[in-house]
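> fold the following for me, if possible:
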Amino acid sequence: QVQLVESGGGLVQPGGSLRLSCFASGRTISNYAMGWFRQAPGKEREFVASISQHNPSTYYGGPVKVLFTISRDNAKNTVYLQMNDLKLEETAAYYCAAGDVAASHDYYYWGQGTQVTVSS
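Prediction:
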């Protein structure tokens with residue numbers, strides 16, 4: 001079992017930045033692809049970014065491709081999501097997930113989420 005705990009969410013003004021963290025316990029994340037997803041009220045869950053286990057490859061959802069960066073520190077058992085130039089419509093609960101294949105969006109361990117609110 002892998003337990004995932006997200007942190008770093010909060011209130012930010014449009015154009016601002018946040019860095020989300022996802023700390024894993026129970027097992028090392030080095031064996032897992034890690035991903036970030038988000039879900040806004042009344043909307044379906046949306047893929048944000050993912051990173052593979054080895055020689056890490058990264059994948060991004062279309063809307064965030066340029067402005068977000070996913071990274072991992074296996075020694076700290078932590079995954080990060082750097083978000084820049086945030087927009088109002090990016091207000092959502094952001095979830096960290098662990099799975100086998102970064103490109104598949106098929107994950108089976110999930111965190112509880114951290115709220116990101118973009119507002120002026």
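> show me the contacts for the spatially closest residue to V101 that is not a sequence neighbour.
Nearest non-adjacent residue to V101, counting by Cβ to Cβ, 6 or more residues apart in numbering: A33, 5.7 Å away. For every residue, glycine as well, the C-beta is placed using N, CA and C. Listed by Cβ atoms under 8 Å, 6 or more residues apart in numbering, the contact set of A33 reads S50, I51, S52, Q53, A98, G99, D100, V101, A102, S104, Y107.
> name the member of the residues you listed with the most neighbours.
S50 (26 neighbours; other Cβ atoms under 10 Å).
> from memory that residue sits against A98, does it?
No. Checked against Cβ atoms under 8 Å, the pair S50 and A98 is beyond contact range at 10.1 Å.
> shared neighbours of these two, which are they?
Common neighbours of S50 and A98 (Cβ under 8 Å, 6+ apart) are A33, M34, G35.
> partner residues bridging the first one?
Listed beta-bridge partners, A33: G99 (assigned using DSSP bridges).
> tell me which residues of the helix or strand harbouring V79 are tucked away?
Assigned by DSSP states H and E, V79 falls within strand 78-83. For strand 78-83, the neighbour count (16 or more other Cβ atoms under 10 Å) marks T78, V79, Y80, L81, M83 as buried.
> all strands for this structure, in order.
Under the criterion DSSP state E, the chain carries strands at the ranges 3-7, 10-12, 18-25, 33-39, 46-51, 58-60, 68-73, 78-83, 92-101, 106-110, 114-118.
> could you list the low-pLDDT ranges of this structure?
In the prediction, the chain carries residues with pLDDT under 70 at positions 63-65.
> any idea which residue is closest to the centre of it?
W36 (2.6 Å; Cα atoms, centre = their mean).
> what count of nearby residues applies to the nearest residue to it once chain neighbours are set aside?
Among residues not flanking W36 along the chain, V48 sits closest, at 4.2 Å (Cβ to Cβ, 6+ apart). A total of 24 residues lie near V48 under the criterion other Cβ under 10 Å.
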